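# Pasting the sequence and the predicted coordinates here, then a few questions.
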Amino acid sequence: MRQLLLLRHAKSSWDDPDLDDFDRPLAERGLKAARLMGRELAARAWLPDEVLVSSALRTRDTWRLVAAKLPVHPRVVFAQPLYEAPAADILGHIHKADPSSGCLMAVGHNPGLEDLAKQLAGTGSVAEARKRLEEKFPTAALARFVFEGEWSDLLSARLTHCLRPKDLG
């Protein structure tokens, strides 16, 4: 059984209007949320073997804070093409994941990440998780999927959880 974790970057700062969107850092709320999600991943033992991260500053910083809470050091790929990528492009990167990875995480942006999560949520998905996903996939939200098969064949999976920072306390 494989796991796919889709993590939206944490809340970014808009304090400096002169910064290019790509270079926006995390806001204070985002720093807290990223650490919280890292602790939650560690507590649930949802530990990635491989992580695909958009190369934007806010996604790199989100991953750095999440990773600091994990007891593992997965392979990390920072990918410029994931920056604000549509769902199909993100899925294309997932299809190329290392076949030995049992758990893959993608850290990216909306609307592509949310669109992909909704597209993947297939038969057997947990109703409460699907409801949360349909309501809102806010910053630092995490969608967890499980499926059998190869990364290269992934088109649909069972959505088991949709975690949002506000749901975790």
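Received the coordinates, thanks. A quick note: this is a predicted structure, and the numbers were derived from the prediction, not measured.
# In terms of secondary structure, what does the longest helix along the chain contact?
Assignment by DSSP state H gives helix 28-44 as the longest helix of the chain. Secondary-structure packing of helix 28-44 (3 or more C-beta pairs under 8 Å, 6 or more residues apart in numbering; DSSP states H and E): helix 57-67, strand 142-147, helix 165-168. The way it works is simple: take the backbone N, C-alpha and C, and place the C-beta from them, glycine included.
# rerun that using 10 Å as the cut-off
Helix 28-44 sits against strand 2-8, helix 57-67, strand 103-108, strand 142-147, strand 158-163, helix 165-168, with contacts defined as 3 or more C-beta pairs under 10 Å, 6 or more residues apart in numbering; DSSP states H and E.
# Buried residues, the first one. List them.
By neighbour count, and taking 16 or more other C-beta atoms under 10 Å as the criterion, the buried residues in strand 2-8 are 2-8.
# tell me the angle of the longest helix of the chain relative to helix 57-67?
Angle, helix 28-44 to helix 57-67, by axes from the mean of the first three to the mean of the last three C-alpha atoms, to 10 degrees: 40 degrees.
# What is the next helix or strand after helix 28-44 packed up against?
Counting by DSSP states H and E, the next helix or strand C-terminal to helix 28-44 is strand 50-54. For strand 50-54, the elements it packs on are strand 2-8, helix 57-67, strand 75-79, helix 87-95, strand 103-108, judged by 3+ C-beta pairs under 10 Å, 6+ apart.
# so where's the chain shaky on pLDDT?
For the chain, the stretches flagged by pLDDT under 70 are 169.
# Can you report how many residues lie near the nearest residue to residue 29 once chain neighbours are set aside?
The shortest distance from residue 29 to any non-neighbouring residue, by C-beta to C-beta, 6 or more residues apart in numbering, is to residue 11 (4.7 Å). Residues lying near residue 11 (other C-beta atoms under 10 Å) number 21.
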